[in-house]
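Student: kindly generate the corresponding structure for this input.
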Amino acid sequence: MLESRERKKEKMIDRSDYSMDPANHILELLSVMPETPAWKRRANCRESSIDFFSFVKEEQDEAKKLCAACDVRNQCYNFAITNREFGLWGGVWHGSRQKHGTRTGEAKRT
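Tutor: Sure thing, here's the model as predicted:
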């Protein structure tokens, strides 16, 4: 049964809590938004504690491994291209996505 919008809002975290890790805050918000596309709810990163916004190479490599095994990485990549997202989406860091210029269709990877 689908939850009402009000019930989902009750589950949302207090936005004034700036001590929370930003990546977890974003994932929490995505999980309660009613307009969240189905592919985001199926993403491997949905409940992961990996930092997809880190500049540390080892952390990026760990995130890329999770993306490589994800069934929705193409949708994620294309979403990032279309919305000019920062961080690792679809297994590709934002700087590499900018070089491709792809907006629709199959994801191109470096």
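Student: state the next helix or strand along the chain beyond the helix or strand containing Lys64.
Tutor: Per DSSP states H and E, Lys64 falls inside helix 57-68. Tracing the chain past helix 57-68, the next element assigned as helix or strand by DSSP H and E is helix 73-83.
Student: how about that following helix: buried residues?
Tutor: Arg73, Asn74, Gln75, Cys76, Tyr77, Asn78, Phe79, Ala80, Ile81 (16 or more other C-beta atoms under 10 Å). The way it works is simple: take the backbone N, C-alpha and C, and place the C-beta from them, glycine included.
Student: paired strands for the next helix or strand after that helix, with orientation please.
Tutor: Per DSSP H and E, the first helix or strand lying C-terminal to helix 73-83 is strand 88-89. Sheet pairing for strand 88-89, assigned by DSSP bridges, gives strand 92-93 (antiparallel).
Student: near Arg84, how many residues? Count them for me, please.
Tutor: 9 (other C-beta atoms under 10 Å).
Student: ok, it - contacts?
Tutor: Listed by C-beta atoms under 8 Å, 6 or more residues apart in numbering, the contact set of Arg84 is empty.
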